[in-house]
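Visitor: sequence-free structure coming up:
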DNA sequence: GAGTCAACGATTTTCGAAAATCCGTGTGAT
DNA sequence: ATCACACGGATTTTCGAAAATCGTTGACTC
């Protein structure tokens, strides 16, 4: 039945995950070319699903396509970091404002649950403190999604989700450079508390500052 | 050399344009399934480039994908119209604010030029007044892009472009229903004048109202 | 008669090879 | 010495068919 992969969906989906993971963890570096031959070897499949995976990754900004020259990993830059940060402050800020205003009991419950799961595990790995734990990053994403889940705008949610994943590589960089210097846990707790207290403006301000700090922590790195 | 198509790029790109045009003009209706056999016949090529085209269209919200059930044309709804409108008011509003603040002489020149080209031709076709002219729509898109071109944020520009094209089908619907009742030309002129006068807040307000009217004109339609 | 399940047809998804394209190298002319 | 151009290898892009999957029909049991 399933060709040795009980994933349950399509090979293209598996390829998407595999390549995305390679990019996020740094197995392939920004600017590197992504040759189909290599990716086929990595994913263990033919060219067609790999091509579809790259199309999706390109739509999300992880890779870029040059016609007839193939795909390569999108570069990182200070300019893009600032751009992403500003866009997130705008879009996710507005989504949070709406969510705090319109959220019901279920939204509160989901937020508390997501925060609890995230707070239960450490951010960095025990063996290599400069590397972010995969499961923490997943719960971190869930927490931020829970904050804005009640905004009522699928399009805004989609935009925020894409921006969040696009910021992922910068976030990892921040952790590897600054370590646990920042009180990220406290910032998250405060965000949740402001949201639950229905302090929309306060929560939005805290969120913007939250993102601003991540960007600021990396400003220095890019100048070197 | 080129296989009868002097397009100059890739077949996947041609397929993207062809299918997108079929969707925009209503040759295929919202909700319709898009069978690969039909699309191959329409585009005159094999399945691979068609598949890549659909992947791109899905990323832009024109089509939706059900695993193992193929692609279909995305539906239209009042809820989505409202959602798109709100997102555009937020993102394009902010982009316009930045653009008006930071734009230089070249930006002004580009804006004036784009407006002139758009104002030179009528919005609707002579033979069928309820159908929007293709070339007008293209210049209309260029004009709106020119308004925000100087915002300095590639990501914001990309978001706005996607939202603009996603609103395209609703815009056509609006033209076919209300005809030329609205003074769209005047609204555009006013937008340009406010931008050139560096009245950021006034321009943003005008833009929001501009979009709000398109949405309002369609509210009634969806309730029937 | 209602429900379950297996086989069929339609369609998507994937494969492996062929065709087209790009980039770098080397040759020859000015 | 510099430039233009053609050739060759590496890589992407596309093809046409095979494999996998889904929805449905129809027979069979309870």
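Guide: Structure's in. What do you need? Fair warning: this is a prediction, and the values are worked out from it, not measured in the lab.
Visitor: Start from the N-terminal end of chain A and give the helices.
Guide: Assignment of helices within chain A using DSSP state H yields the ranges A:11-25, A:36-43, A:47-59, A:78-102, A:105-119, A:134-148, A:154-166, A:168-178, A:184-196, A:200-222.
Visitor: which of those helices has the lowest average pLDDT?
Guide: Of all these, the minimum mean pLDDT falls on helix A:168-178 (a mean of 89).
Visitor: can you put the helices of chain A in a markdown table and add mean neighbour count and distance to residue B:106?
Guide: Every residue, glycine included, has its C-beta placed from N, CA and C. Formatted as a markdown table, the helices of chain A follow (neighbours: other C-beta atoms under 10 Å in any protein chain shown; distance: least, C-beta to C-beta, whole Å):
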| stretch | mean neighbour count | distance to residue B:106 |
| --- | --- | --- |
| helix A:11-25 | 18 | 36 |
| helix A:36-43 | 15 | 40 |
| helix A:47-59 | 20 | 30 |
| helix A:78-102 | 20 | 20 |
| helix A:105-119 | 16 | 46 |
| helix A:134-148 | 19 | 37 |
| helix A:154-166 | 19 | 29 |
| helix A:168-178 | 19 | 31 |
| helix A:184-196 | 17 | 41 |
| helix A:200-222 | 17 | 28 |
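Visitor: domain ranges for chain A?
Guide: When chain A is parsed into structural domains using automatic domain parsing, the resulting residue ranges are A:11-73, A:78-222.
Visitor: The shortest one near DNA strand D at all?
Guide: This points to domain A:11-73. Yes - residues of domain A:11-73 are located near DNA strand D by C-beta under 7 Å from any atom of the strand, namely A:33-37, A:47-48, A:51, A:65, A:67-71.
Visitor: List just the nearest of these to residue B:208.
Guide: Of all the residues of domain A:11-73 next to DNA strand D, residue A:65 has the smallest distance to residue B:208: 34.4 Å, by C-beta to C-beta.
Visitor: was I right about that closest one contacting residue A:51?
Guide: No - at 10.4 Å, residue A:65 and residue A:51 do not qualify as touching, with contact defined as C-beta atoms under 8 Å.
Visitor: Return the residues of chain A in contact with chain B.
Guide: Proximity of chain A to chain B (C-beta under 8 Å from any C-beta of the partner chain) is limited to residues A:9-10, A:13, A:48, A:51-52, A:55-56, A:59-60, A:67-68, A:80, A:83-84, A:86-87, A:90-91, A:94, A:153-156, A:159, A:163.
Visitor: Tell me which residues touch the closest residue to residue A:156 other than its chain neighbours, please.
Guide: Among residues not flanking residue A:156 along the chain, residue A:95 sits closest, at 4.8 Å (C-beta to C-beta, 6 or more residues apart in numbering or on different chains). Residues in contact with residue A:95, defined by C-beta atoms under 8 Å, 6 or more residues apart in numbering or on different chains, are A:148, A:151, A:153, A:156-157, A:160.
Visitor: Among those residues, which one sits closest to DNA strand C?
Guide: Compare each of the contacts of residue A:95 with DNA strand C using C-beta to the nearest atom of the strand and the shortest gap goes to residue A:157, at 23.9 Å.
Visitor: Closest one of the residues of domain A:11-73 next to DNA strand D to residue A:121?
Guide: residue A:34 (32.0 Å).
Visitor: hey, what's the closest one bridged with?
Guide: The residues paired with residue A:34 through beta bridges, assigned by DSSP bridges, are residue A:71.
Visitor: re earlier: output the helices of chain A in a markdown table, with distance to residue B:142 appended to each entry.
Guide: A markdown table is the format used below for the helices of chain A (distance: least, C-beta to C-beta, whole Å):
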| stretch | distance to residue B:142 |
| --- | --- |
| helix A:11-25 | 34 |
| helix A:36-43 | 36 |
| helix A:47-59 | 23 |
| helix A:78-102 | 23 |
| helix A:105-119 | 41 |
| helix A:134-148 | 33 |
| helix A:154-166 | 23 |
| helix A:168-178 | 33 |
| helix A:184-196 | 41 |
| helix A:200-222 | 33 |
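Visitor: still on that earlier bit, restricting to the contacts of residue A:95, which residues neighbour DNA strand C?
Guide: Checked against DNA strand C using C-beta under 7 Å from any atom of the strand, the contacts of residue A:95 yield no neighbours at all.
Visitor: Take these and write them to JSON lines, including distance to residue B:110.
Guide: Formatted as JSON lines, the entries for the contacts of residue A:95 read as follows, by distance: C-beta to C-beta, whole Å:
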{"residue": "A:148", "distance to residue B:110": "35"}
{"residue": "A:151", "distance to residue B:110": "35"}
{"residue": "A:153", "distance to residue B:110": "31"}
{"residue": "A:156", "distance to residue B:110": "29"}
{"residue": "A:157", "distance to residue B:110": "33"}
{"residue": "A:160", "distance to residue B:110": "31"}
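Visitor: Could you pick out the residues of chain A near DNA strand C for me?
Guide: So chain A meets DNA strand C at A:10-12, A:45-49, A:52, A:67-69 (C-beta under 7 Å from any atom of the strand).
Visitor: and the closest residue to residue A:218 other than its chain neighbours, how far is that from residue A:182?
Guide: Counting by C-beta to C-beta, 6+ apart, the nearest residue to residue A:218 once its immediate chain neighbours are dropped is residue A:174, at 5.5 Å. Going from residue A:174 to residue A:182 by C-beta to C-beta, to the nearest Å gives 8 Å.
Visitor: Likewise for residue A:164?
Guide: The span separating residue A:164 from residue A:182 equals 18 Å under the rule C-beta to C-beta.
Visitor: again, but for residue A:56
Guide: In this structure, residue A:56 and residue A:182 are separated by 32 Å, where distance is defined by C-beta to C-beta.
Visitor: Can you report phi and psi for residue A:183?
Guide: Phi and psi for residue A:183, reported as degrees, to the nearest 10, are phi -90, psi 70.
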